[in-house]
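Engineer: Pasted the sequence and its predicted model underneath.
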Amino acid sequence: MIVSVTMNPSVDISYPLDTLVINDVNRCDQVRKTAGGKGLNVTRVIHQMNEKVVSTGLLGGMLGAFIRENLSKEGINHHFSDIEGDTRNCIAILHDDGKQTEVLESGPVISEEELVAFETIFLNLAKTSQVVTLSGSLPKGVPVDYYSQLLTLLSDSQTKVILDTSGDSLKCALTGEHKPYAIKPNSDELQALIGEKVTEDYTNLPDMLTHPLFDGVALIMVSLGKDGAFVKYEDSFYRVKIPTISVKNPVGSGDSSVAGLAIGLAKELPIEDTLKYAMTLGMLNAMEDTTGSVDVTQFNQIYDRIFIDK
């Protein structure tokens, strides 16, 4: 089983408009509200691939209840920890020929007691799972090294942890005693971590990925957008080449790739197959209008067109 953690989930609200008029009334005929957050995107894609997954994290208030109801309607297994504060909204206004304006609430402030209650649920789920994914930002009140703390809680288990975050929370996890099994930075996040620019031909990526900061991390997958990915797995490097596709909505493709990594690791697939799983699901998400969604009927068609050079 796979456990997907979302510490700062949201209700994602999408407002499609022909034109966004500033300082005036904008009326919207079609509104889409979904259970959102990077970890919930991971959860949905794993579920769509008919793999066992349970979603956990922190939920509160009426919006938290909406997320639980939304997941239950989709048949997704979930076990969230209750908080007193209200889960946040995240609003995306889609307007003017592909432009997107977002309003992202910061979310509730989490107490120490609420974190302790969550950790009990987390440990009960994670210690019986092959893979745990930790995705996204941390809510207010949660220490910046909290992902590192969760890694410590799992240090005596065989569970593989995929950490998909950025900034200080990622750096804290990489400098802690117990490392994640896998991380998935993009090139900008990689540059921010070690203060070195990725060259246009990517030839300096092997040196960047052998930086001491990554010692102890078995799998590093650097997403390169339309150029595929560059991967360090243990002591080997891999270049993942992908076909050209028609992109509808790239948002959530990174989360979908995390879902693919989790499935591959849970199935104990060879690393090449695991990487192809990850890239296939990321591309399938980009081909859909809905974030965190894939058309499983096209899986083999994309999978067979991905090539990996070691």
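Structural biologist: That came through, no problem.

Engineer: so what's the residue most central in space within the chain up against?
Structural biologist: The structure's the chain has its C-alpha centroid closest to residue 255; by C-alpha atoms, centre = their mean the separation is 3.5 Å. Taking C-beta atoms under 8 Å, 6 or more residues apart in numbering as the criterion, residue 255 is in contact with 38, 39, 41, 42, 45, 135, 164, 285, 292. (Each C-beta comes from the backbone N, C-alpha and C, glycine too.)

Engineer: So which of those residues wins on neighbours?
Structural biologist: Compared across the contacts of residue 255, residue 42 has the highest neighbour count, 34 neighbours, by other C-beta atoms under 10 Å.

Engineer: For that residue, give me phi and psi.
Structural biologist: phi -60, psi -50 (degrees, to the nearest 10).

Engineer: And it, how far from residue 6?
Structural biologist: Plainly put, residue 42 is 8 Å away from residue 6 if you go by C-beta to C-beta, to the nearest Å.

Engineer: so what sits against both of these two?
Structural biologist: Between them, residue 42 and residue 6 have residue 135 as joint contacts when contacts are counted by C-beta under 8 Å, 6+ apart.

Engineer: from memory residue 202 sits against residue 224, does it?
Structural biologist: Yes: contact status for residue 202 versus residue 224: in contact at 7.0 Å, counting by C-beta atoms under 8 Å.

Engineer: any shared contact partners between these two?
Structural biologist: Counting by C-beta under 8 Å, 6+ apart, the common neighbours of residue 202 and residue 224 are residue 230.

Engineer: Quick one: the helices in the protein, in order.
Structural biologist: In the chain, helices defined by DSSP state H lie at 38-48, 61-73, 112-126, 146-153, 167-175, 187-194, 205-209, 253-266, 271-286, 299-303, listed in chain order.

Engineer: Pull stretch 156-170 out as CSV, backbone CA atoms only.
Structural biologist: What follows is stretch 156-170 as a C-alpha-only set of coordinates in CSV (Å, rounded to 0.1, in the frame of the first residue of the first chain):
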residue,chain,number,x,y,z
ASP,A,156,13.2,2.1,12.1
SER,A,157,10.9,0.9,9.3
GLN,A,158,11.5,-0.3,5.7
THR,A,159,9.1,2.2,4.3
LYS,A,160,10.5,4.2,1.3
VAL,A,161,9.7,8.0,1.5
ILE,A,162,9.3,10.2,-1.5
LEU,A,163,9.6,13.9,-0.5
ASP,A,164,8.2,16.5,-2.9
THR,A,165,8.6,19.9,-1.4
SER,A,166,10.9,22.9,-1.9
GLY,A,167,12.8,25.6,-0.1
ASP,A,168,13.7,25.4,3.6
SER,A,169,11.5,22.4,4.3
LEU,A,170,13.4,20.4,1.7
